[in-house]
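Peer 1: Here's a sequence, model it:
(2 chains)
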Amino acid sequence: MIPSLSLEITVLLLGILMLLVESFSRSDDKRGLAKMAIGILSALVGFSFFVDPASGNAFYAVDATAHFFKVLALLTTIVVLIMSLEYSSVLAKYLPGVTPGAGLGEFYSLPVFTCAGLMFMASAVDFLLIFVSLELVTISFYILVAYMRRHTASLEAGVKYLILGALSTGFLVYGITWIFGLTGETNLAAIQHALATKAVATTPLLFGLMLLLTGLGFKVAAVPFQLWVPDVYQGAPTPITAFLSVGSKAAGFVVLLRVLQPFLGVPGVGVKVLAVLALMAALTMLYGNLAALPQDNFKRLLAYSSIGHAGYLLVAVASVSDTKATFGSAGVAVAFYLAGYLLMTLLSFLVLIVVARHSRGDDILHFNGLAKRSPFLAFAMLTAMLSLAGVPFTAGFYGKLLVFAAAVQAGKFWLVGIGILTVAAGFYYYLRIVAAMYWQEPGDTTPITIAPLTRTAIGALTLAVFVFGICPQPILRQLKDGGVSAVQENAGKPPQSADGLRPWGV
Amino acid sequence: MSPILFYLFAAMTLVFAVAVVANRNPVASALSLVVSFLGLAALFVGLDAYFIAVIQVLVYAGAVMVLFLFIIMLLNIQAEERRKINVPAYAAGGLVTVAFIAQLWFVLQKFELGKTAFAPLAEKHVDDVRNVGNTLFSTHNLPFQVIGVLILVATIGVVVLSKRELK
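Peer 2: Purely as a prediction, here's the structure:
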């Protein structure tokens, strides 16, 4: 049994070690750094199963939810590092380096720091830690998005992301301030305790919550806070786009689940918040899927598709039962959907990077005739697309099934109706890629070579998409037993006191 | 703090914050920011939060501002050119602002807690430097350490994004 914080500390030490090795080694080849990080992070996935459940504190929860999202963060970072290795030749072209490997070491180490931030977020149960770790993640993303300094699209994406990210942070902090002012607490369990024992005015509370939802809406790219997504996703280096669309979304949702939980049981507040979430979910599904239809650039298409998937996830969040204030099946649906989303999205970005490097472009027409050039890549992409569209026997199908089941359970039939309509639209644009790969003639017939590490990752992800789709029971049982629904384990328990922190005597 | 002083400093903070955005000359913007920060520091004094007020002046109005002026000087940023006014963008921005202020007004009308006067602190003298230090290094140590990592990451970012030639 190891204390849970040691996982994050190891990740941080790894990041610092990479920076030190980078600055003192004389070699121009920085790939060893990324490979070392991949090895250590994989070992940490194993270690995360031996965490002492009693090693949490008032800021930092050690529960099944935290463990699940930490594993997601670690796996995402590992795949992002594999992508970065594959992408380094493109990246080096747009960096003002004097030696061949200049700037790559930092590009490999920043995702490791981001990973530590994501892991802190998975455990954070206090607004202070939530905010600080969210900023750690966002600030490293600002840098990574703008990393290709000689590429105007990357710089433009960086500036847009910085300005809108800062604005959304402002909303988030203002919301937190209102809630702190009303309850006198920053700890989520303590807030729940205060809301249950004191009379708190609902109008200001709702105002604070709406500001909070605005801030988090930016992070998970929900309509109407999605305007930054297409440009930023298209301009950023491709591995970072993948990281943004999976890592930052997963972290946004775990924070959303944890933050909403204390407020759902409050009369006159929970129902209204869920109604707003349901509206956001409907708009997000419609916008993401309809705007994706005319796209010709594959990265942009994936950007819109990621908005659409945020919509399905919001359906699950909005389907929390109003009366019991527990996440139960909705929480399990969010977790399973995110796991499936991670597999298929990372898979499609991994194939995209390989194909884009060989075809020199990331438009849909660059996928023409991929089946003839590399049947392996074409099959992997086919799997990813079918799963994103939601074809049976894939992870995506089962995830959508769980989400819609949760919505039916909550009686939100209109959301299911909109959901099914948008899934149909999704089939059109995902299958366009499949059509291009299998029915178009290739413009360039040179076979594509794939590095062994990348090949292993693509193979593993493809397999996992099918495993999740065909026999999801073991994973679901794991989620239910450990209880992602245990988000509210600490409910009602008076919080561990943090001495002298009460602003006005409670 | 008497209400007159509060309104005076609040107005000072807000007016100069607007001036930061409205000014076309970057040096004038930076100096407006100093004045806005000073107004904010005065508001903190009104809340008996002397430590934060002093830090606000020392760090933000002092150090950060000198840094801003240095950057403006080093990069030799000229006054911004007058851009064409994008009417729909301005209209949409104005609409969101007005809606937000209206909402805030409505909420404040219904906010009873905000209208009650709190009793003055039991002790006139609050040892806030010691309290803040104690809190940072004991109960709130974990978020404090994470801020350290955050600053490290920001430093790496500045170097990577601004160095003329990477080695």
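
Peer 1: does any part of the helix or strand B:Asn131 falls within sit near chain A?
Peer 2: Assigned by DSSP states H and E, B:Asn131 falls within helix B:128-137. Yes: using Cβ under 8 Å from any Cβ of the partner chain, helix B:128-137 reaches chain A at B:Asn131, B:Asn134, B:Thr135. For the C-beta atoms, the positions are set from N, CA and C on the backbone; glycine is no exception.

Peer 1: ok, residues contacting the helix or strand following that helix?
Peer 2: Downstream of helix B:128-137, the first helix or strand assigned by DSSP H and E is helix B:141-162. For helix B:141-162, the external contacting residues (Cβ atoms under 8 Å, 6 or more residues apart in numbering or on different chains) are A:5, A:12, A:16, A:19, A:57, A:59-60, A:103, A:106, A:109-110, A:113, A:116-117, A:120, A:126, A:128-129, A:132-133, A:135-136, A:139-140, A:142-143, A:146-147, A:149, B:136-137, B:166.

Peer 1: So for the nearest residue to A:Tyr312 once chain neighbours are set aside, what's the pLDDT?
Peer 2: Leaving aside its sequence neighbours, A:Tyr312 sits nearest to A:Val403 (Cβ to Cβ, 6 or more residues apart in numbering or on different chains; 5.3 Å). The model reports A:Val403 with a pLDDT of 91.

Peer 1: Who are the contact partners of A:Val403?
Peer 2: A:Tyr312, A:Leu313, A:Val315, A:Ala316, A:Ser319, A:Ala333, A:Tyr337, A:Gly419.

Peer 1: now with 7 Å?
Peer 2: Counting by Cβ atoms under 7 Å, 6 or more residues apart in numbering or on different chains, A:Val403 makes contact with A:Tyr312, A:Val315, A:Ala316, A:Ala333, A:Tyr337.

Peer 1: so how far is A:Tyr337 from it?
Peer 2: A:Val403 sits at a distance of 6 Å from A:Tyr337 (criterion: Cβ to Cβ, to the nearest Å).

Peer 1: With A:His151 instead?
Peer 2: 33 Å.

Peer 1: So if I had to pick from those two, which one is more boxed in?
Peer 2: A:Tyr337 (25 against 19; other Cβ atoms under 10 Å in any protein chain shown).

Peer 1: Would you agree that one is in contact with A:Ala316?
Peer 2: Yes: with contact defined as Cβ atoms under 7 Å, A:Tyr337 reaches A:Ala316; the gap is 6.5 Å.

Peer 1: re the thing from before, quick one, which of the residues of helix B:128-137 next to chain A are buried?
Peer 2: Buried residues within the residues of helix B:128-137 next to chain A, counting neighbours by 16 or more other Cβ atoms under 10 Å in any protein chain shown: B:Thr135.

Peer 1: any chance of the residues of helix B:128-137 next to chain A in CSV, with pLDDT too?
Peer 2: Formatted as CSV, the residues of helix B:128-137 next to chain A follow (pLDDT from 0 to 100):
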residue, pLDDT
B:Asn131, 88
B:Asn134, 91
B:Thr135, 89
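
Peer 1: Run through the residues of chain A sitting next to chain B.
Peer 2: Residues of chain A found near chain B (Cβ under 7 Å from any Cβ of the partner chain) are A:12, A:59-60, A:95-99, A:102-103, A:106, A:110, A:113, A:116, A:120, A:128-129, A:132-133, A:135-136, A:139-140, A:142-143, A:146, A:149, A:201, A:203-204, A:207, A:498-499, A:501.

Peer 1: Among the residues you listed, name the buried ones.
Peer 2: A:12, A:59-60, A:95, A:97, A:102-103, A:106, A:110, A:113, A:116, A:120, A:128-129, A:132-133, A:135-136, A:139-140, A:142-143, A:146, A:149, A:203-204, A:207, A:498, A:501.

Peer 1: Kindly confirm whether my reading is correct that A:Met437 touches A:Ala371.
Peer 2: Yes: between A:Met437 and A:Ala371 there is a contact at 5.2 Å, judged by Cβ under 7 Å.

Peer 1: Quick check: neighbours shared by these two?
Peer 2: Counting by Cβ under 7 Å, 6+ apart, the residues touching both A:Met437 and A:Ala371 are A:Ala378.

Peer 1: give me the low-pLDDT residue ranges for the chain?
Peer 2: You didn't pick a chain, so chain A it is. A:321-328, A:481-506 (pLDDT under 70).

Peer 1: ah, no, chain B please
Peer 2: Ranges of chain B meeting pLDDT under 70: B:1.

Peer 1: hmm, try it at 50
Peer 2: For chain B, no stretch is flagged by pLDDT under 50.

Peer 1: What segments of it are helices?
Peer 2: B:3-22, B:26-46, B:50-55, B:65-75, B:87-109, B:112-115, B:128-137, B:141-162 (DSSP state H).

Peer 1: Distance check, A:Pro267 against A:Val200.
Peer 2: 11 Å.

Peer 1: which one of the two has more residues nearby?
Peer 2: Between A:Pro267 and A:Val200, counted using other Cβ under 10 Å, the more crowded position is A:Val200 (18 against 7).

Peer 1: Specify the local secondary structure of the more buried one.
Peer 2: Classification of A:Val200 by DSSP: H, G, I helix; E, B strand; the rest coil places it in coil.

Peer 1: For the closest residue to it other than its chain neighbours, list the residues it contacts.
Peer 2: Take A:Val200 and drop its neighbours on the chain: the residue closest to it by Cβ to Cβ, 6+ apart is A:Leu182, 5.3 Å away. A:Leu182 makes contacts with A:Val200, A:Pro204, A:Leu205, A:Gly208, as judged by Cβ under 7 Å, 6+ apart.

Peer 1: if you set the cut-off to 8 Å instead, what comes out?
Peer 2: For A:Leu182, the contacting residues are A:Val200, A:Ala201, A:Pro204, A:Leu205, A:Gly208, B:Leu113, by Cβ under 8 Å, 6+ apart.

Peer 1: and those residues as JSON lines, adding distance to B:Val57?
Peer 2: Below are the contacts of A:Leu182 laid out as JSON lines (distance: Cβ to Cβ, whole Å):
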{"residue": "A:Val200", "distance to B:Val57": "35"}
{"residue": "A:Ala201", "distance to B:Val57": "35"}
{"residue": "A:Pro204", "distance to B:Val57": "31"}
{"residue": "A:Leu205", "distance to B:Val57": "34"}
{"residue": "A:Gly208", "distance to B:Val57": "29"}
{"residue": "B:Leu113", "distance to B:Val57": "30"}
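
Peer 1: Mind telling me the two of those residues farthest from one another?
Peer 2: Greatest spatial distance among the contacts of A:Leu182 (Cβ to Cβ): A:Gly208 and B:Leu113, at 12.5 Å.

Peer 1: More neighbours: which of these two?
Peer 2: Taking other Cβ under 10 Å, A:Gly208 and B:Leu113 do not tie; A:Gly208 has more neighbours (22 against 12).

Peer 1: Tell me the buried residues in whatever helix or strand A:Val467 lives in?
Peer 2: Counting by DSSP H and E, the element that carries A:Val467 is helix A:452-470. Neighbour counts over helix A:452-470 (16+ other Cβ under 10 Å) mark A:Leu453, A:Thr454, A:Ala457, A:Ile458, A:Leu461, A:Thr462, A:Ala464, A:Val465, A:Phe468, A:Gly469 as buried.

Peer 1: can you tell me which residues contact the fifth one?
Peer 2: So that's A:Leu461. Neighbours of A:Leu461 in contact, by Cβ under 8 Å, 6+ apart: A:Val79, A:Leu343, A:Met344, A:Leu346, A:Leu347, A:Leu350, A:Ala380.

Peer 1: picking up where we left off before, any chance of the contacts of A:Val403 in JSON lines, plus secondary structure?
Peer 2: Below are these laid out as JSON lines (three-state DSSP):
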{"residue": "A:Tyr312", "secondary structure": "helix"}
{"residue": "A:Val315", "secondary structure": "helix"}
{"residue": "A:Ala316", "secondary structure": "helix"}
{"residue": "A:Ala333", "secondary structure": "helix"}
{"residue": "A:Tyr337", "secondary structure": "helix"}
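
Peer 1: now, among these, which is nearest to A:Leu216?
Peer 2: A:Ala316 (15.1 Å).
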